[in-house]
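Pasting the sequence and the predicted model now:
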Amino acid sequence: MENCGLLFRKVYRILIPVYTLFLLYLMFFGFGRSQYDINIVRMIPMFSTVGFVEHTILWKTIIINIFGNIVMFIPFGFLGIVFPKLNNFRILILDFLFAIIAVESLQYFTRLGVFDIDDIILNTIGMATGFWIYQWLNRRFIGKDS
């Protein structure tokens, strides 16, 4: 199992930068996104998500949007592999919040997206879920010092 853990860490170190660039592409240019005419800010927590669910006909679209905002950020919970200080949840969540707020702000300023508090909440839930999975895997299979 130790070799498996070492292999996972090596692969993660290689793939996380590529994955991050891919995710940034999706956040700014993916899904047929084009520049808005105005800057949009949504600051009431879960208001836009509830509205989205109420006005969307297809459950598939709802699941892709909501769970995508969570699942796509799970890999960032494993950043302690690359940056050992991020094995501390408090430091990880503060650094992650800083980064995701910066990305949401860039979406606002470039008008290639919306500054949406719901995205920050859902993305952070995803990262936290990833952190808990990583901690569980680390204790269960990899071992602390592998």
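Nice, I can see it. Residues are numbered from 1 along each chain as shown.

Which residues are in contact with the nearest residue in space to Leu23 that is not next to it in sequence?
Of all residues beyond its chain neighbours, the one nearest Leu23 is Met72 (6.2 Å), with distances taken as C-beta to C-beta, 6 or more residues apart in numbering. For every residue, glycine as well, the C-beta is placed using N, CA and C. If you count contacts by C-beta atoms under 8 Å, 6 or more residues apart in numbering, Met72 has them with 23, 26, 123, 126.

Low-confidence ranges, the chain, go.
Where the chain drops to pLDDT under 70, the residues are 1-2, 142-146.

the strands in it, which residues?
For the chain, the strands defined by DSSP state E occupy 41-42, 115-116.

Longest helix in this protein, by number of residues?
helix 2-28 (DSSP state H).

For that helix, name the packing helices and strands.
helix 89-110 (3 or more C-beta pairs under 8 Å, 6 or more residues apart in numbering; DSSP states H and E).

So which bits of the helix it packs on are buried?
Across helix 89-110, burial judged by 16 or more other C-beta atoms under 10 Å covers 92-93, 95-96, 100, 103-104, 107-108.
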